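**Student:** Sharing a model that was predicted from the sequence below.
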Amino acid sequence: MPSIFYFFTEEERHLRANDRPFNLSYHYANNAIKTSKYNIFTFLPLNLFEQFRRLANAYFLFLFILQLIPQISSLSWFTTAVPLILVLAITAVKDASDDINRHKSDNQVNNRRVNVLIDGELRNEKWMNVQVGDIIKLENNQFVTADLLLLSSMCCIAVSHCLGFLVLTMSHWLRCEPPNNRLDKFKGSLTLDGQTYALDNDKVLLRGCTLRNTEWCFGLVIFGGPDTKLMQNSGKTTFKRTSIDHLMNVLVLCIFGFLASMCTVLAIGNAIWEVNEGSVFTVFLPRESGAGAGLSAFLSFWSYVIILNTVVPISLYVSVEIIRLGNSFYIDWDRKMYYPKSDTPAQARTTTLNEELGQIKYIFSDKTGTLTQNIMTFNKCSINGKAYGELFDFARQRVEITEVRDEHCYLILADPKFVFHDHSLVETVREGNPEAQAFFRLLALCHTVMPEEKKEGELFYQAQSPDEGALVTAARNFGFVFRSRTPESITVIEMGKQVTYELLAVLDFNNVRKRMSVIVSSPEGKLTLFCKGADTIIYERLHPSCNKLMEVTTGHLNEYAGDGLRTLVLAYKDLDKGYMDEWKKRHHEASTAIDGREERLDELYEEIEKDMLLLGATAVEDKLQEGVPQTIEQLAKADIKIWVLTGDKQETAENIGYSCNMLREEMKDVFIVAANTAEGVKEELQ
Ligand SMILES: Nc1ncnc2c1ncn2[C@@H]1O[C@H](COP(=O)(O)OP(=O)(O)OP(=O)(O)O)[C@@H](O)[C@H]1O
Ligand SMILES: [Mg+2]
C-alpha cells in the first residue's frame, strides 16, 4: 500500500495483526501521548504569545511601546515595563510548572510496560513503542494500553463472542473506521481466510479502562496514542465566562471609547494651541522644530493615551480574579458544605465561575444514585396473581414480619444479609409450586450478573445494574442460586441440586427495548425463553390467555408503584426445537451482518419475544439519600427549577417525586407530556 495515504485524511483504517512493516507503511500514530504544550525551545515564544492574547497584557504592551517613543512619552519606560514584566513572569512560572507536571505524567504513562507479542514471543515493551497492529497481552488490573480489539481472554466478561486467537500466519485483513471520539460506536470488519466477520463496540477495549476479573487477555492494537478514543475526547477546555465578565467587557470597551474621545478633544485643542501660541511646551517632549500642527496633534493624541491610561480600569480584571480565588477558598473551607461520612468537602473546581452559583435557575439531575442511594432491596413480588412481601394494615404499619435468612439447610450459598418480610413465600417455593419456582429460576437465569466464588461457598455477585444484583440475590436466597456462567452456559443450584443450562441466546437490554431475555435449554432439552422488563413493554407481548392474570398483576404493580418501588414484569415462553434452530441460524446471520445489523437483530428479537406467558412481577426499593427532600425543598424556595431523569415506570416516578418534595400536594394537576417527537412535545406544551 502506498504511504501516500498519510497525506490525506484517513478514511478507513487498514491493518494486519503482527505485521509491523505493513502497518508502518500507513504512518499511523504510535502509542506515545503528549499532553504537554511546550518544550524548552518553544516555551518562551509560545507562552508569551498566549499571555499577550489576554486583553490586559496586550494593553500594557501597547502602552509600553508608546512609552518607548520619546516624541510621545513624558514618562519613563519602566513605569509600565516593571509591572508588566512582573505579571508576565509570575504567569510564566505557573504555566511552566503546570507543563512540567504534564511532561512528568506523560513520561510516566509512556514508560509503562506491557507485554507485546513480537516474532512469536512476548516482549516487555514501553507503552510508547507499541504500534498499531501489535498484539499485546494484558493481565488482571492492568490499564488498557491502547484501543484494542479483544482477541481472546481468560474469562470473557463483557464479551461473549471472542474471536479466538488469530493464528499469525493466516491471511487476514482488518478494516475499521478512522479515529474518532465516539465512545459508544465502533465499526469494522475482519477478513480471515476469505470469511468476513463484523466487529462492533462489544469487541473493543478502550484505553483508559482497567481490566477486571480477567486473568489475562490478548488484544490487537487498533488505535494508538493520540488516535485513541480517550485522547480524541480530551479536547481543549473552553474558557467559560460569567455574566459579570460580559458586563465588565462592555464597561471597559465603553471606557476605551471615552478615553479615545477625550484624547481626540485634547489633541484638537493641542493643534489649536500650537497654531495660535506656537510650540513652547516642547521642552517636555523632544520634537523637531518646524513640525506641522497636524503631526504635533497626532503625537500628542498618543501622549494623552499614556497620561490618561489610568481611566481604563484594567487592573479590575486582576482584582476580580483575585477575589474569585479567595472566594473559592471560602467554598472549599465551608464547614456547612462538608460531609463527614465520606470525608467530602465542597470543592470549587474552577475559580472563574463562582458568582454564577447565585444565578442558577435550573438543576438537571439523575435519579438513581443521585437522589437515591442506588442500594436496591428486593421488597415485594407478585407471583401468579398472589402478592408476597411486607404486609401492612390500614394504618400502614407492619403487622407481620418474618425474616428470611439462611436458616434452612437447603439454602446453601445464601446471602446472609438478605431479608424478606414474608415467610409464606419460602413455604410456597419449598412446597414445589411450579410458578414460584419458574419465577425464581427466571431471576437466576435472565441477567448479566457475573458471579465470583473466591472460596468454596462464598459467592459474590458483580452486577452492572444494582437492580439485577438485588433480583439475583433474592433468587439465591429462595433456593435458586446462580453459581457460574460461561459464554455458553449458566449453572444454577436449584433447591440444592446443580443444574447447568445451555445458553442459546441473550437478547440484551437497552433503554429502547426496556426488556431483556435469555433463551436456554435445560439438561432435559426443554427450550425456554425467559424475559423480564418494563410492564408496558411486556404486557404488549403476552399471550391472550394471560388476560386475567394480567389484571390481577396490574393491581399489584400499581400498589408497588404507589409505594415508589421499581417494578419489573417477568414472563416466559416455551419454544420448539425446529423453530429455534431456524431462528438461531437467522440470528447468526443478522449478528454478523455488516449493514443494518441492529435493525435486523431488533426484528428477530421482536419476532421471538411475543405470545409469552406472564409469571409475575418484582418490586425493588431504592431508598432516597439522606437529606434529599430537605435539599429539594430549599432549592424550590430559591425558585430553582429541577429536572430529574429516570427510566422508571410513570407511577413510580411520580411517587418518588412526591416523597422527595419535588412534587407537592398543592401541585394538583401534574400534567403529562407523552409525545415522542420534538414537534409533538411542543404541541402538547402549547
Ligand atoms: N436489567 C434490566 N432488564 C430488564 N428490564 C430492565 C432492566 N433494567 C431496566 N429495565 C426496564 O427498562 C426501563 C428503563 O430502564 P433504564 O435503565 O433505561 O432507565 P434509567 O434511565 O437507568 O432510569 P433509572 O436512572 O431510574 O434507573 C425500566 O423502567 C425497567 O422497566
Ligand atoms: Mg437503570
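**Tutor:** Right, received. Where do you want to start? Ligands and ions are numbered 1, 2, ... in the order given.

**Student:** if I've got this straight, V250 is in a helix?
**Tutor:** Yes. Residue state for V250 (DSSP: H, G, I helix; E, B strand; the rest coil) corresponds to a helix.

**Student:** I'd like the distance between it and T242.
**Tutor:** With distances taken as Cβ to Cβ, to the nearest Å, V250 is found 13 Å from T242. (Glycine included, C-beta is placed from N, CA and C.)

**Student:** From the neighbour counts alone, determine which of the two ranks first.
**Tutor:** T242 (17 against 10; other Cβ atoms under 10 Å).

**Student:** What is the end-to-end distance of stretch 346-364?
**Tutor:** Criterion Cα to Cα, to the nearest Å; first-to-last residue distance in stretch 346-364 is 19 Å.

**Student:** Check which residues of it are buried.
**Tutor:** Across stretch 346-364, burial judged by 16 or more other Cβ atoms under 10 Å covers A348, T351, T352, L353, N354.

**Student:** and it, what's its mean pLDDT?
**Tutor:** Stretch 346-364 comes out with an average pLDDT of 83.

**Student:** Which residue is the nearest non-sequential neighbour of the closest residue to ligand 1 within the chain?
**Tutor:** Residue nearest to ligand 1 within the chain: G647 (1.9 Å; Cβ to the nearest ligand atom). Sequence neighbours aside, N511 is the residue nearest to G647 in space, at 6.0 Å (criterion: Cβ to Cβ, 6 or more residues apart in numbering).

**Student:** what domains does the record give for the protein?
**Tutor:** As recorded under automatic domain parsing, the domains making up the chain are 3-31+130-233, 316-359, 372-622, 625-685.

**Student:** when you scan the longest one, is anything in it near ligand 1?
**Tutor:** Yes. Using Cβ under 6 Å from any ligand atom, a contact is recorded between domain 372-622 and ligand 1, made by S465, D467, E468, F509, N511, K514, R515, M516, K532, G533, A534, L568.

**Student:** Just the buried ones from those, in ChimeraX syntax?
**Tutor:** Of these, the buried ones can be selected in ChimeraX as follows, counting by 16+ other Cβ under 10 Å:
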select :467,468,509,515,516,532,533,534,568
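
**Student:** what would the residues of domain 372-622 next to ligand 1 look like in TSV with pLDDT?
**Tutor:** Shown next, in TSV, are the residues of domain 372-622 next to ligand 1 (pLDDT from 0 to 100):
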residue	pLDDT
S465	86
D467	91
E468	92
F509	91
N511	85
K514	92
R515	94
M516	94
K532	95
G533	94
A534	93
L568	95
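
**Student:** Narrow the residues of domain 372-622 next to ligand 1 to those in helices?
**Tutor:** With helices taken from DSSP state H, the overlap with the residues of domain 372-622 next to ligand 1 comprises D467, E468.

**Student:** Next step: the residues of domain 372-622 next to ligand 1 restricted to strands.
**Tutor:** Using DSSP state E, the subset of these located in strands is R515, M516, K532, G533, L568.

**Student:** ok, now how distant is the residue minimising distance to the centre of the chain from S74?
**Tutor:** Geometric centre of the chain, nearest residue: L183, 9.3 Å, by Cα atoms, centre = their mean. Going from L183 to S74 by Cβ to Cβ gives 62 Å.

**Student:** Could you say which helix or strand holds L663?
**Tutor:** Assessed by DSSP states H and E, L663 sits outside every helix and strand.

**Student:** so what's it closest to, chain neighbours aside?
**Tutor:** G657 (4.0 Å).

**Student:** so the one you found touches M667, yeah?
**Tutor:** No. Using Cβ atoms under 8 Å, G657 makes no contact with M667, being 9.4 Å away.

**Student:** Which one of the two is surrounded by more residues?
**Tutor:** The residue with more neighbours, out of G657 and M667, is G657; 21 against 11, by other Cβ under 10 Å.

**Student:** Quick check: which element contains that one?
**Tutor:** Using DSSP H and E, G657 sits in helix 650-659.

**Student:** List the buried residues for that helix?
**Tutor:** Neighbour counts over helix 650-659 (16+ other Cβ under 10 Å) mark E651, T652, A653, E654, N655, I656, G657, S659 as buried.

**Student:** for it, packing partners?
**Tutor:** helix 547-562 (3 or more Cβ pairs under 8 Å, 6 or more residues apart in numbering; DSSP states H and E).

**Student:** and the helix it packs on with helix 650-659, angle?
**Tutor:** Per axes from the mean of the first three to the mean of the last three Cα atoms, to 10 degrees, the angle that helix 547-562 makes with helix 650-659 is 20 degrees.

**Student:** and helix 547-562, what's its mean pLDDT?
**Tutor:** 93.

**Student:** Identify the residues contacting that helix?
**Tutor:** With contacts defined as Cβ atoms under 8 Å, 6 or more residues apart in numbering, helix 547-562 is touched by 380, 382, 384-385, 387, 535, 539, 542, 567, 569, 614, 616-617, 619, 649-652, 655.

**Student:** Could you list the buried residues of that helix?
**Tutor:** L549, M550, V552, T553, H556, L557, E559, Y560, A561.

**Student:** Using JSON lines, lay out those residues together with distance to G326.
**Tutor:** Putting the buried residues of helix 547-562 into JSON lines (distance: Cβ to Cβ, whole Å) gives the following:
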{"residue": "L549", "distance to G326": "66"}
{"residue": "M550", "distance to G326": "64"}
{"residue": "V552", "distance to G326": "64"}
{"residue": "T553", "distance to G326": "60"}
{"residue": "H556", "distance to G326": "58"}
{"residue": "L557", "distance to G326": "55"}
{"residue": "E559", "distance to G326": "55"}
{"residue": "Y560", "distance to G326": "52"}
{"residue": "A561", "distance to G326": "49"}
